[in-house]
Structure formats: structure tokens, C-alpha cells
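Student: following is a predicted model, sequence given first.
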2 protein chains.
Amino acid sequence: RKGRVDLGFGAGGRAMAQLISELFLRAFANDWLARGDDGAVLPAPAAGERLVMATDAHVVSPLFFPGGDIGSLSVHGTVNDLAVMGARPLYLAASFILEEGYALADLARIVESMASAARAAGVAVVTGDTKVVEQGKGDGVFITTTGVGALPAGRDPGGARARPGDVVLVSGRIGDHGMAIMAQRESLAFDSEIVSDSAALHGLVEALYAAVPAEAVRVLRDPTRGGLATTLNEIAAQSGVGMELDEAEIPVSAQVQAACELLGLDPLYVANEGKLVVLCAPEHAGAALAALRAHPLGTEAARIGCATADPQHFVQLRTGLGGRRMVDWIAGEQLPRIC
Amino acid sequence: RKGRVDLGFGAGGRAMAQLISELFLRAFANDWLARGDDGAVLPAPAAGERLVMATDAHVVSPLFFPGGDIGSLSVHGTVNDLAVMGARPLYLAASFILEEGYALADLARIVESMASAARAAGVAVVTGDTKVVEQGKGDGVFITTTGVGALPAGRDPGGARARPGDVVLVSGRIGDHGMAIMAQRESLAFDSEIVSDSAALHGLVEALYAAVPAEAVRVLRDPTRGGLATTLNEIAAQSGVGMELDEAEIPVSAQVQAACELLGLDPLYVANEGKLVVLCAPEHAGAALAALRAHPLGTEAARIGCATADPQHFVQLRTGLGGRRMVDWIAGEQLPRIC
Ligand SMILES: Nc1ncnc2c1ncn2[C@@H]1O[C@H](COP(=O)(O)OP(=O)(O)OP(=O)(O)O)[C@@H](O)[C@H]1O
Ligand SMILES: Nc1ncnc2c1ncn2[C@@H]1O[C@H](COP(=O)(O)OP(=O)(O)OP(=O)(O)O)[C@@H](O)[C@H]1O
Ligand SMILES: [Mg+2]
Ligand SMILES: [Mg+2]
Ligand SMILES: [Mg+2]
Ligand SMILES: [Mg+2]
Ligand SMILES: [Mg+2]
Ligand SMILES: [Mg+2]
């Protein structure tokens, strides 16, 4: 049992207090957390700003993958949900469900990675929780992160705000995160060539708002579970519009394309953890695209289609061969535990 | 598989969207959640107020117990961490980790119970997340709740603020929650007689602040995992004081006492989910105690001891027989998954 998580680490006693202070408080180091109280007391946002709150549980398997691990992913995932609401991410709460017997050295790597992702994103992990479940009642480590951010006045992107004619932009190649996980799970030969795109998108979002009027940014979304196809269907349904996409314009890397063919997957349905979808007023789409491309996370950004007036809210794809096909929501359970 | 959680409910597609809208959005019904965006946009707290943020994962086993279930518990647990920071609880984020195969009817009961606890506490579940793990990689349902509250100016209770001479109050009988769980787990004959105290404490805290100057409220804490003994040791360590308690003054019900004896447990170490510990300036202790007693959740509140000047930060108990014993932190793993 030495060097492994045991049930006592979740019992509220000295062992738990020691784990929290030596591992978590040390890695996340900040004054809010150091107080050791039941919660964190934080300054309110500036006058005129609203709050944004978002949460995600992370249950990705395997816990370590090319381009990241559950620790960094759990920071990026929640930062990105704040970012696509238009908010500046400020604070994270982190709750850990640990499985008895998990190696403490691996937990420490995860926590370090989480702490460094949070530092890089400029957010602080201000409060947390640690529970332990018996072996066979969990799977190593699950992490829920909940974020709070500040929403500047005038910004209000939302899935329901797309209008016919709006231009659809995507910030780069799709499917990298999901295929990095799948390739590793299936031990594909090229597994190490595909690297997750896991990244924090709030800098990219700020660059976009700096380039176009806030009103022109109709919808922002991170195409995670279900991939680009599902995200666009969600937006179409919320806004009551259709979409027409150009297959040839959608960026996909050759490796992801090849791995998808091997596994019988469609990159349109594969999860991303560092990509931004933008629906933008047509008259500002050029400036928006240029702003994305000028940012390190958007160099391969592309204009992939536009919203249409369609009472059935269909998302359609013009294929390379000049045909058309319907792009439906993701079906079934093809990619479990991708995030 | 019909009527049970399947992996597709976590895949991001139509099945997940349907589960979210028919189960979660319907039960938690509010406009923030109904937007269906990546997060919730919330009004900032009033001028002069600060934010408080707290999080807890809930992994209690069994999921249903006398006096509550994981749903109501996950509301009370986080509301109470906000309340003991002095804050008015406002918003909750809820993240669910579901095990494949779990009965949807039971999940619905849990979600209903959670929604009704949130309504009763006056907090809204404004955003959420749903993940599914394979059978054997989870345990039915885990719920992480994260709360945001508003802290009125002038309030600043904290574990480090106790001073020698401060009076220790507890709001009622201790050990009910933990023994309700243990009695059910061990199928003790009197299991149904012991009912969890799970309750939201922010009303009790408001009654306290209405009765004494904010400055007199030095420390508030909810004695959860590790029980009253561990909570008082935490406060002693944070504040650099000792404590002297009167065993005879600590309220414990006869059933909890009997169940503890049967199982070889000490009620001082058994978890509570609806009790408040207060360290109060001595000149206001009478008013504080009266205010607690006048509230439905504090009718059996008691003055159980006081903080002392002790460089070793020991918590000591004057026993009924006139002796003294040390009250240490909880040891080991005696009560796993109590919350
Ligand atoms: N994994 C973690 N990362 C960062 N901080 C943590 C972590 N786990 C606990 N903490 C911090 O440690 C302190 C004690 O946490 P703990 O969970 O014991 O408090 P609590 O929520 O009041 O108790 P309970 O969880 O029994 O209800 C808090 O300040 C909490 O924010
Ligand atoms: N258990 C739940 N309770 C309440 N609301 C939920 C729950 N699960 C999801 N939601 C809500 O449903 C919507 C979609 O959630 P979803 O998790 O798909 O979004 P996301 O976080 O952007 O995607 P991902 O989790 O793949 O990163 C959000 O508005 C979210 O708040
Ligand atoms: Mg607490
Ligand atoms: Mg998300
Ligand atoms: Mg906690
Ligand atoms: Mg999202
Ligand atoms: Mg708590
Ligand atoms: Mg989510």
C-alpha cells in the first residue's frame, strides 16, 4: 500500500490533510487555497461585468495521452467553456475522486500538470475536494473542474444567436484530441504521431473580440464530445437555422484522416479540446478569420460554410465530388470517455 | 439495457441531449440552464460584496439513506460550505459521473431530490455536466457540486480567527449523518431509527449574524468527515489555540450513542451534514446560543467548551467522571464514503 492512494486519504483525518497540503496546496499554491477554509473568498468582478460559471467532469481514459493528461485537460476543458461564453476565466474549483490503490507518483504528475496548465492559463485553483472510493468503484482519477469568469459588458455570444448568412469559422484542424486518445487505446502504429490539441482558448477569443465588434460574434463554441458535426447541429437547433458546409474547406490532418479510416470513424464526429467554432456576421468574417489566423492557436483557421434559412435546421455538407450529404448528430457511443 | 444508463448518454449525441433536457433541465428548471450554452451568465453580486466559491464531490454509499440521498446531500454539502464562509448561497454547478447500467428510475429520484433540496435552499443549479463510465469503473452515481455565494461586507469568519477565551457552540446532536449511513450499511436492527441530519445551514447562519456583531463570529464550520473532533482540531491548528470541551455538554442522541458502542465508534468522530460549529467572542456567546436555539435547526444547540492558550494546540475533553482526555484527529479509514 505504500506509495498508493488508500481509503484513509478520504477520511477527513491527518492523512487527508497531509495529502492536501503536500500535494494539492503546494502545486496550486495561492493565498485563497492556503487559508484552508471551507471555501475561497474572492474579489467580485469589476462594475458592469457579469459572472459566468461552467463545470465539466473529466473521466478520460487513458489518464495520460500524447499532448496532455487528465490534469491539463481538466483545466483546458473548463477554461474553454468560460471562454466560449465570452468570459475572462478567473478561478477554478477542483474536485478529485481517487480510486484506492492508484499510484501516488502518477497522481502527483497529474496534479503538477494541472497546476502548470492553470498557471499558463492565468487561472487559480482556489478551492478543492478529495474523495477516495474502493478499488473497482472508480478508475484511477476523475476530476471535476468548475470555473468562474467575468463577462465584459456588451459580449453575449450564445448558441441561439446565429442568423442565416452568418459565416462559420473553425480555428484549425479537427479531430486531433479524440484520435490521439483512440490511437493510443487501440495501440495503432502511428499513435504517437497524433497529438491532442488540448489547449486554453481564451487568448484566441480575446484576439477575436479585439478585431470585430462584439455584436458580430454571434456564437462561440468548443467542439468537444460529438465533434464539429454535433456542435453545429446543436447551434442549428438552438438558433433555428440550417448550415451549409464545404467539405473541402474543413481542415483535417492526414494522420487523423488515416486513423479515422482505419477505425471506421468520421473526423467530423471526433472530439477536439483546443478548437474554436465561430459564427460571425458576414460583414466582419474576413476580419474575424484574419484575427484567428494571426494567433498561434489559429494559424490554420478556415471559413467552412455559413448558416442558412432552413425550417428543418439541417446541417449539410457539399462534398468534394460536388454532391451533398446530411451531417447528423453523433450516433451511439462510438467514442466513450474521450474527455 | 432499456431503462438503464448506457455509454451513449455520455457521448455528446442526441441520447445525451435528450437525457439532459428531459431529466436534468426539467428538474432544475431555470432560465440559465434552459439556454443550453456552455456555461451560465449570472448577475454579479451587489456592490461591496465579495464572491465565495466551494466545491465537494459526493460519493456516499449507499446512495439512498434515512433522511436523504446523494442528491439532497450534494446540495446541502456545498450550500453549507458557502454558509460557513458567511456567504449567502446563490448558484450551484452540478457534475454527474454515471455508471453504465445504473437504473434511470433511481437516477430520476436522485435528481428530483436534488432539485427539491435546491429549491428549498433558494439556490439554482445553473450549469452541469454528464459523463458515463463503463460498468465496474464507477459506483452508480457520483455528484460534484460547486457553489458560488455572495459575502456581505464585514463578515469574514475563518478557521484561523479563534482566540483563547472564545466560546465553542454546536448547533445540535452530533453523529446522526454518519450513523444513519453506517447503521444502514451494517443492517443494524435500529437502522431506520437513525436519520441523517442532512440540511442546509445558511438560514441558521443568517440568524446568528442577525443576533451578534459580525466581528464576534470568529469561526464557523460544518463538522463533516472526521466529525466534531477533527473539525475542532483543524480550527485549533489553524488558529494556534487549544480547546477545552465538556463531554457532558456535547449533545448526542441515545440511538447514535448505542449504535456507536455496537460498532466501536466514537460519536465525536462521526460525520454530520446539518450541524454548525461556532467559535464566538465570549461577550456575545449568550446571544449567539439564544439565536441558534430560536431557529428550527438549532433547538438543541449547546455551549460545549472554549478555546484556550495552548502552544501545542491540543483539544481536550473533561469527561463525565472528572478526568481529561485528549481528542485527536480522526485516525485511519474508519468511515469511508460517508459523504
Ligand atoms: N484536491 C484538492 N485540491 C485543492 N484543494 C483541496 C483539495 N482537496 C481539499 N482541498 C482544500 O482543503 C481544505 C479542506 O477540504 P475538505 O474537503 O476537508 O473541506 P470540507 O469540504 O469543508 O469538508 P467535506 O469535504 O468533508 O465536506 C479546503 O480548503 C479545500 O479547498
Ligand atoms: N447533469 C446536468 N445537469 C444540468 N445541466 C446539465 C447536465 N449535464 C449537462 N448539462 C447542461 O447541458 C448543456 C450541454 O452540456 P455539455 O456537457 O454537452 O456541454 P460542454 O461542457 O460544452 O461539452 P463537454 O462536456 O463535451 O465539454 C450545458 O448547458 C450544460 O450546462
Ligand atoms: Mg466544510
Ligand atoms: Mg465542456
Ligand atoms: Mg470538501
Ligand atoms: Mg463546451
Ligand atoms: Mg464540505
Ligand atoms: Mg460538459
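Tutor: All right, it came through fine. Since the structure is predicted, the reported quantities are computational estimates derived from the model, not experimental observations. Ligands and ions are numbered 1, 2, ... in the order given.
Student: and the longest helix anywhere in chain A, what does it pack onto?
Tutor: In chain A, taking DSSP state H as the definition, the longest helix is helix A:104-121. Under the contact criterion of 3 or more C-beta pairs under 8 Å, 6 or more residues apart in numbering or on different chains; DSSP states H and E, helix A:104-121 touches helix A:26-28, strand A:68-69, helix A:70-83, strand A:88-99, strand A:124-133, strand A:141-151. From N, CA and C alone the C-beta is placed, and that goes for glycine too.
Student: is ligand 3 contacted by the fifth one?
Tutor: No: counting by C-beta under 5 Å from the ion, ligand 3 has no neighbours in strand A:124-133; the shortest distance is 9.5 Å.
Student: coming back round to it: would a markdown table of the helices and strands packed on helix A:104-121 with mean pLDDT be doable?
Tutor: Shown next, in a markdown table, are the helices and strands packed on helix A:104-121 (pLDDT from 0 to 100):
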| stretch | mean pLDDT |
| --- | --- |
| helix A:26-28 | 98 |
| strand A:68-69 | 98 |
| helix A:70-83 | 98 |
| strand A:88-99 | 98 |
| strand A:124-133 | 98 |
| strand A:141-151 | 98 |
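Student: B:F64 is nearest to which of these?
Tutor: Across the helices and strands packed on helix A:104-121, the minimum distance to B:F64, taken as C-beta to C-beta, is reached by strand A:124-133, at 17.4 Å.
Student: in its sheet, which strands sit next to that closest one, and in what direction?
Tutor: strand A:88-99 (parallel) (DSSP bridges).
Student: interface residues of chain A facing ligand 5?
Tutor: Counting by C-beta under 5 Å from the ion, chain A sits next to ligand 5 at A:D129.
Student: report the central residue of chain A.
Tutor: Here the mean C-alpha position of chain A is nearest to the C-alpha of A:G77 (C-alpha atoms, centre = their mean), at a distance of 3.3 Å.
Student: list the contacts of it.
Tutor: A:D56, A:H58, A:T145, A:T224, A:E273, A:C339 (C-beta atoms under 8 Å, 6 or more residues apart in numbering or on different chains).
Student: count the residues that sit near the third one.
Tutor: For A:T145, the number of neighbouring residues by other C-beta atoms under 10 Å in any protein chain shown comes to 33.
Student: so what's the residue count around the residue nearest to it when sequence neighbours are not counted?
Tutor: In space, and not counting its chain neighbours, A:T145 is closest to A:T78: 4.2 Å by C-beta to C-beta, 6 or more residues apart in numbering or on different chains. A count of nearby residues for A:T78, using other C-beta under 10 Å, gives 33.
Student: surely A:T78 touches A:G149?
Tutor: No: using C-beta atoms under 8 Å, A:T78 is not in contact with A:G149; the gap is 9.6 Å.
Student: overlap in contacts of the two?
Tutor: Common neighbours of A:T78 and A:G149 (C-beta under 8 Å, 6+ apart) are A:A54, A:P89.
Student: strands along the stretch 101-250 of chain A, start to end?
Tutor: Per DSSP state E, counting those that start in this stretch, the stretch 101-250 of chain A carries strands over the ranges A:124-133, A:141-151, A:167-170, A:217-221, A:242-246.
Student: ok, which of those comes nearest ligand 7?
Tutor: strand A:124-133 (6.9 Å; C-beta to the ion).
Student: quick one: the closest one near ligand 1?
Tutor: Yes: using C-beta under 6 Å from any ligand atom, we find that strand A:124-133 touches ligand 1 at A:V125, A:T127, A:G128, A:D129, A:T130.
Student: and of these, the nearest to B:P45?
Tutor: Looking across the residues of strand A:124-133 next to ligand 1 and measuring by C-beta to C-beta, the closest to B:P45 is A:T127, at 17.1 Å.
Student: tell me how far that closest one lies from A:F24.
Tutor: To A:F24, A:T127 is 10 Å away according to C-beta to C-beta, to the nearest Å.
Student: now chain A, which segments are flagged as low pLDDT?
Tutor: Applying pLDDT under 70 to chain A flags residues A:1, A:189-192, A:332-334.
Student: residue numbers of the stretch 201-339 of chain A in contact with chain B?
Tutor: A:221-222, A:224-227, A:230, A:234, A:238, A:271, A:329-337 (C-beta under 8 Å from any C-beta of the partner chain).
Student: now do 10 Å
Tutor: A:219-227, A:229-231, A:233-234, A:237-238, A:269, A:271, A:328-339 (C-beta under 10 Å from any C-beta of the partner chain).
Student: let's see which of these end up in helices.
Tutor: Filtering those for helices - DSSP H - leaves A:G227, A:A229, A:T230, A:T231, A:N233, A:E234, A:A237, A:Q238.
Student: and the residues you listed near ligand 8, which?
Tutor: Applying C-beta under 5 Å from the ion to those, none is adjacent to ligand 8.
Student: quick check, nearest of those to ligand 7?
Tutor: Scanning these for proximity to ligand 7, where the rule is C-beta to the ion, the winner is A:E234, at 33.9 Å.
Student: name the nearest residue to that closest one, ignoring sequence neighbours.
Tutor: A:E234 sits nearest to A:G159 (C-beta to C-beta, 6+ apart), 6.2 Å away.
Student: next, count neighbours for that neighbour.
Tutor: 22.
Student: out of the helices and strands packed on helix A:104-121, which gets nearest to A:R35?
Tutor: So among these, strand A:124-133 is nearest, using C-beta to C-beta, at 9.5 Å.
Student: residue contacts, the nearest residue to A:N233 once chain neighbours are set aside?
Tutor: Spatial nearest neighbour of A:N233, chain neighbours left out: A:W329 (4.9 Å); criterion: C-beta to C-beta, 6+ apart. Residues in contact with A:W329 (C-beta atoms under 10 Å, 6 or more residues apart in numbering or on different chains) are A:226, A:229-234, A:237, A:269, A:315, B:11-17.
Student: then A:T130?
Tutor: When contacts are taken as C-beta under 10 Å, 6+ apart, A:T130 is in contact with A:5, A:9-10, A:12, A:16, A:19-20, A:23-24, A:94-98, B:56-57.
Student: the nearest residue to A:V241 once chain neighbours are set aside in helix, strand or coil?
Tutor: Nearest residue to A:V241, sequence neighbours excluded (C-beta to C-beta, 6+ apart): A:A307, at 4.4 Å. A:A307 carries the three-state label strand when classified by DSSP: H, G, I helix; E, B strand; the rest coil.
Student: which strand residues bridge A:A307?
Tutor: A:M243.
Student: now the ones in helices among the residues of the stretch 201-339 of chain A next to chain B in CSV, with neighbour count?
Tutor: Formatted as CSV, these follow (neighbours: other C-beta atoms under 10 Å in any protein chain shown):
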residue, neighbour count
A:G227, 26
A:A229, 23
A:T230, 27
A:T231, 26
A:N233, 22
A:E234, 21
A:A237, 16
A:Q238, 19
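Student: identify the bridge partners of the residue in the stretch 51-200 of chain A positioned nearest to ligand 5.
Tutor: Among all residues of the stretch 51-200 of chain A, A:D129 sits closest to ligand 5, at 3.7 Å; criterion: C-beta to the ion. Taking DSSP bridges as the rule, A:D129 bridges to A:S95.
Student: is it true that it touches A:L33?
Tutor: No: contact criterion C-beta atoms under 10 Å: A:D129 and A:L33 do not qualify, at 11.9 Å.
Student: overlap in contacts of those two?
Tutor: A:I20, A:F24, A:A94.
Student: I figured the first one hits A:A94, correct?
Tutor: I take that to be A:I20. No: at 11.2 Å, A:I20 does not count as touching A:A94 under the criterion of C-beta under 10 Å.
Student: any idea how many residues pack against A:M179?
Tutor: Residues near A:M179, counting by other C-beta under 10 Å: 33.
Student: how does chain A divide into domains?
Tutor: A:7-151, A:167-326 (automatic domain parsing).
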